[in-house]
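A.B. asks: Sequence first, then the predicted structure, then my questions.
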Amino acid sequence: MEPAFTLGPVTSPAELRAEPLRRLFLIWQAAGPGLPLGASLSIPKTDPLHGLLWQFEVMGPCEDFRCVMMGEGTARTYGIDPTGQPVTSLARSPFVGRVISILRLTCRDMAPVRFASESSVIPGRDLYDIEALSLPLGGPGGGVAGIIGATVARDR
């Protein structure tokens, strides 16, 4: 049986449980109005939030996404660092399926998305209380050009 999870829109930082995700939402919100450009988000590498971040570039009409950056903490959590790779090139698994669903929903709706799960579907990872935030980034021609987010999880 697959662990229970939720995926849906976020309109306020108060809807997020994890403090780092609330901070990221506020940073993203302050970069507005509209969809902020990726360069307008200033998170120093020395900030602990930086290690939780991930960023993807939109490839085509919200169908595939190339990983631009994976923070060290998130790469450890996921057990992979797909920087430079399209998401659809990764081995099919429930985990990759969830990642694709989160990114496509964020891109299609051009709005923040929250993902939460009781436990992980990542093979070999015994994680629980997982929460992620996915935020759209605008491009010079309008629309969604990228997605930035962060994931927080606890080891059992």
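C.D. replies: Yes, it's here. Fair warning: this is a prediction, and the values are worked out from it, not measured in the lab.

A.B. asks: okay, Ser42: pLDDT?
C.D. replies: According to the predicted model, the pLDDT of Ser42 comes to 81.

A.B. asks: same deal with Pro61?
C.D. replies: Pro61 is assigned a predicted lDDT (pLDDT) of 87.

A.B. asks: measure it to Thr106 for me?
C.D. replies: Remark: distance between Pro61 and Thr106 (Cβ to Cβ, to the nearest Å) = 14 Å. In this view, the C-beta of every residue, glycine as well, is placed from N, C-alpha and C.

A.B. asks: cool, Leu133 as well?
C.D. replies: The span separating Leu133 from Thr106 equals 10 Å under the rule Cβ to Cβ.

A.B. asks: Name the residues contacting each of the two.
C.D. replies: For the pair Leu133 and Thr106, residues contacting each of them under the criterion Cβ atoms under 8 Å, 6 or more residues apart in numbering are Pro112, Val113, Gly149.

A.B. asks: Report the distance from the helix or strand where Phe56 lies to the chain centre.
C.D. replies: Here Phe56 is covered by strand 53-59, with elements defined by DSSP states H and E. Centroid displacement of strand 53-59 relative to its chain, using Cα atoms, centre = their mean, to the nearest Å, is 8 Å.

A.B. asks: Please, where are all the helices along the protein?
C.D. replies: Along the chain, the segments classed as helices by DSSP state H run 19-30, 72-78, 94-109.

A.B. asks: Make sure Met59 is actually in contact with Val68.
C.D. replies: No: because the distance of 11.1 Å does not satisfy Cβ atoms under 8 Å, Met59 is recorded as not touching Val68.

A.B. asks: any shared contact partners between those two?
C.D. replies: Applying Cβ under 8 Å, 6+ apart, one finds that no residue jointly contacts Met59 and Val68.

A.B. asks: need the contact list for the closest residue to Cys107 other than its chain neighbours.
C.D. replies: Across the structure, with Cβ to Cβ, 6 or more residues apart in numbering as the measure, the residue nearest Cys107 apart from its sequence neighbours is Cys62 (3.7 Å). Contacts were defined as Cβ under 8 Å, 6+ apart; by that measure Cys62 touches Leu103, Arg104, Cys107, Arg108, Val144.
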